[in-house]
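Asker: missing the sequence, but the structure's below:
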C-alpha cells in the first residue's frame, strides 16, 4: 500500500498544501513547529479516524478555517481509492470514498492503513495502562475494523452501568437490581469479546517484538528476552486460556464470575471494577517490568519493536501498511539508526520526518516543509 498524493486544507498550520509521494522512502525535512508531524498525523488520521496527539478534532482545524479537509489517493495492490475526510467545527464530520459519501467517518477508515512511531510512543512503555490498552485496541481495529463497533458498544454499556451504580449508591436500596443485572450481562458479553481479541493480539505480537528488539539491539540484545502479556482485570484463569484461539464462552464465564464476586464492592463505590477497561498489557524484559526497570535506550528499542511488530501484523500476502516515522532517528544513537534504516529501507512506503537531515541514514525522495507550506521541488537525496 502507498499514497500517491496527500492534500491538506485547513489542517493544523496548513492553509493548503499538496504532497506528491512515491513508493519507498519519503523524507520530510523542516524545523520544529513547521508542520512535519502534522503531515504524518494526517496520514494516521486517515487510517484510524483519530489523532494520536489530541482527543478533540477541533484542535486539528486551522484557526482561520471552519473545517479541515484531508484528501488522499491511495493504491492498495491493483486497486486505487480516493479518501476524503472533512472535519467541521461545531458540526458532524463527513467522509467520502471514491466520491461516495459515507454514513460515518469510521466507514472510510481501512482504505488507508498505517503504522506511526513517534516520541509519544514512549507512553506505551513508561505510561499508564490506558496508554497500552489504546495501543493494542488501535492495532486490533486496523486489523479487524468490526472491533471498533464492539469497543463502542462496550463503552456505552460501561457508561450506563456506572451511572446506575452511582444512582444505587445514593439511594442505598434494592430498586434497580433488574436493570443492573441487564447492564452487567451486556458488559460481560461485550467485554469477553474484547478480552479474547486482546489475548490473540498479544500472542501474535510476542514473537515479532522479540525478533525486532534483538535486531535493533544487534549483539547488545541478542540474549535479552522481551515478553508481552495481557493482564486481564478478572479474578479467574483467563490468562491460562489458549491465547491464539481463546474460547469466548470461557472468557465470558470468567468475566461473569469476576463481576459477581465484586458486585457488593461495586455498589458501595459506585463504579465498575471488573472488565477490559481495567486490563493492562504487561511488557517485560528478562522477567522485569520495562516500565520501571528498562534503561532509556532499552525502552526506546522496545517501543520501536512494538510498532515494527504491529506493522507485521497488518501485512497481507500482497499488501503492507504505510510506515510513518516521526522524528524517530533523532531519538536514537548511531547504532540503532543504522539498524532501523536497514530494516525499513526496502518497504513499500515509508514517510520519515526529521529536523536534521544528517540524522537519517537513508536515501529517498525529499521535501522541505516550512510554516505549513511545502517546497514543490521534490528531489532525490542520497546518502
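Answerer: That came through, no problem. These figures come from a predicted structure and were not determined experimentally. Numbering: from 1, shown residues only.
Asker: what kind of secondary structure is the residue nearest to residue 338 when sequence neighbours are not counted in?
Answerer: Excluding the flanking residues, the one nearest residue 338 by Cβ to Cβ, 6 or more residues apart in numbering is residue 361, at 5.5 Å. Just so you know, the C-beta spots here come from the backbone N, C-alpha and C atoms, and that holds for glycine as well. Recorded secondary structure, residue 361: coil (DSSP: H, G, I helix; E, B strand; the rest coil).
Asker: May I have the phi/psi pair for residue 361?
Answerer: Backbone torsions for residue 361, taken as degrees, to the nearest 10, come to phi -90, psi 40.
Asker: Isn't it up against residue 337?
Answerer: Yes. Between residue 361 and residue 337 a contact is recorded at 5.2 Å, counting by Cβ atoms under 8 Å.
Asker: Could you tell me which residues touch both of the two?
Answerer: residue 329 (Cβ atoms under 8 Å, 6 or more residues apart in numbering).
Asker: At the geometric centre of the chain, which residue sits there?
Answerer: Nearest residue to the geometric centre of the chain (Cα atoms, centre = their mean): residue 138, 4.0 Å.
Asker: Within the helices and strands, which one has that one?
Answerer: helix 129-143 (DSSP states H and E).
Asker: Which residues belonging to that helix are considered buried?
Answerer: For helix 129-143, burial by neighbour count (16 or more other Cβ atoms under 10 Å) applies to 129, 131-143.
Asker: That one packs against which elements?
Answerer: Here helix 129-143 touches helix 36-48, helix 122-126, helix 147-171, helix 177-217, strand 280-285, helix 296-314, going by 3 or more Cβ pairs under 8 Å, 6 or more residues apart in numbering; DSSP states H and E.
Asker: ok, and what's touching the fifth one?
Answerer: Defining contact as Cβ under 8 Å, 6+ apart, one finds that strand 280-285 is touched by 125, 129, 132-133, 135-136, 198, 202, 224-231, 233, 289-291, 293-294, 298, 302, 306.
Asker: Residue 69 - how many residues pack around it?
Answerer: Applying other Cβ atoms under 10 Å, we find 18 residues neighbouring residue 69.
Asker: contacting residues for it?
Answerer: 7-11, 84-87.
Asker: Of the residues you listed, which pair is most distant in space?
Answerer: 7 and 87 (14.0 Å; Cβ to Cβ).
Asker: Doesn't residue 68 belong to a helix?
Answerer: No. Counting by three-state DSSP, residue 68 is not part of a helix but strand.
Asker: separation between the residue nearest to the centre of the chain and residue 308?
Answerer: Distance, residue 138 to residue 308, by Cβ to Cβ, to the nearest Å: 15 Å.
Asker: Likewise for residue 367?
Answerer: In terms of Cβ to Cβ, residue 367 sits 24 Å off from residue 308.
Asker: where does the stretch 51-200 of the chain have low pLDDT?
Answerer: Residue ranges of the stretch 51-200 of the chain with pLDDT under 70: 172-175.
Asker: Residue 183: how many residues sit nearby?
Answerer: 21.
Asker: Kindly report the same for the one 5 residues further on.
Answerer: With neighbours defined by other Cβ under 10 Å, the count for residue 188 comes to 22.
Asker: got the contact list for it?
Answerer: Residues in contact with residue 188, defined by Cβ under 8 Å, 6+ apart, are 252, 255-256, 259.
Asker: what do you get for residue 143?
Answerer: 201, 313-314.
Asker: May I ask which of these has the most neighbours?
Answerer: Neighbour-wise, the contacts of residue 143 (other Cβ under 10 Å) top out at residue 201, 24 neighbours.
Asker: Tell me where the stretch 251-383 of the chain is predicted with low confidence.
Answerer: 317, 376-383.
Asker: mind listing the helices for it?
Answerer: 263-269, 290-293, 296-314, 334-344 (DSSP state H, counting those that start in this stretch).
Asker: between the last one and helix 296-314, how many degrees?
Answerer: Read that as helix 334-344. Following axes from the mean of the first three to the mean of the last three Cα atoms, to 10 degrees, one obtains 0 degrees for the angle between helix 334-344 and helix 296-314.
Asker: ok so, going back, would you mind giving the buried residues of helix 129-143 as a markdown table with distance to residue 160 added?
Answerer: Below are these laid out as a markdown table (distance: Cβ to Cβ, whole Å):
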| residue | distance to residue 160 |
| --- | --- |
| 129 | 23 |
| 131 | 25 |
| 132 | 26 |
| 133 | 20 |
| 134 | 22 |
| 135 | 26 |
| 136 | 24 |
| 137 | 20 |
| 138 | 24 |
| 139 | 27 |
| 140 | 23 |
| 141 | 22 |
| 142 | 28 |
| 143 | 28 |
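Asker: Closest one to residue 55 out of those residues, please.
Answerer: So of these, ranked by how close each gets to residue 55 (Cβ to Cβ), first place is residue 134, at 10.8 Å.
Asker: okay, now the domains of this structure?
Answerer: 1-113+319-383, 122-314 (automatic domain parsing).
Asker: and the last one, how far apart are its ends?
Answerer: Terminal residues of domain 122-314 lie 21 Å apart, using Cα to Cα, to the nearest Å.
Asker: quick one: it to chain centroid distance?
Answerer: 14 Å (Cα atoms, centre = their mean, to the nearest Å).
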